[in-house]
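Undergrad: Show me the folded form of this:
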Amino acid sequence: MNRKYIVELSEEEEQELVDYCKKGMVNVRKYKRAAILLKADCCRYTTEQICEAVQVSSSTVFRVKRQFVEENLAAAMNEGARSGAMRKTSAKDEATLIATACTKPPTGHARWTLSLLGERLVTLTDLDSISYETI
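TA: Alright, predicted model coming up:
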């Protein structure tokens with residue numbers, strides 16, 4: 001992160017960011033990105049000050065500034081798709097899980113538990129295993 005990116009907002013860009021921050025109910029990630037750009041405009045604040053004020057890491061500040069300088073305001077405001085883990089269940093598996101949860105629990109149990117639902121889902125589908133967090 002040795003390379004320094006200087007954010008210089010035009011009047012229109014600055015007004016757009018200020019308007020976005022004043023909206024009220026907005027996406028928190030976008031709000032933080034807007035706040036980063038407003039604070040970084042013309043080196044008003046240091047990276048450390050921005051991190052403290054917006055409650056983000058220095059790498060987030062670096063990334064947002066870099067996206068603005070190398071691309072544009074829209075790219076800096078909108079993050080790309082998040083990779084995340086592959087889904088463990090298909091839509092059919094989820095439908096089976098919901099249908100199972102809506103039936104009477106097994107004898108000896110007052111209600112379905114996550115572990116009971118997981119065991120039943122494994123027997124009804126071709127899943128090898130499933131964690132209760134997934135359920």
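Undergrad: burial count for residue 43?
TA: Counted by other C-beta atoms under 10 Å, the residues lying close to residue 43 total 11. (C-beta placed from N, C-alpha, C; glycine too.)
Undergrad: Next, the contact list for it, please.
TA: Applying C-beta atoms under 8 Å, 6 or more residues apart in numbering, one finds that residue 43 lies in contact with residue 6.
Undergrad: Please report the distance of it from residue 37.
TA: The spacing between residue 43 and residue 37, counted by C-beta to C-beta, to the nearest Å, is 12 Å.
Undergrad: does residue 109 really touch residue 116, like I thought?
TA: Yes - with contact defined as C-beta atoms under 8 Å, residue 109 reaches residue 116; the gap is 6.5 Å.
Undergrad: okay, these two: which has more neighbours?
TA: Looking at residue 109 and residue 116 with other C-beta under 10 Å, you find the greater number of neighbours at residue 116, namely 17 against 10.
Undergrad: Shouldn't that one be within a strand?
TA: No - assessed by DSSP: H, G, I helix; E, B strand; the rest coil, residue 116 does not belong to a strand; its assignment is helix.
Undergrad: In the protein, where is pLDDT below threshold?
TA: Scanning the chain for pLDDT under 70 picks out the ranges 1-3.
Undergrad: hey, where'd the helices end up in it?
TA: Chain-ordered helices for the chain, with DSSP state H as the definition, fall at 11-22, 28-40, 47-54, 58-70, 73-77, 91-101, 114-124.
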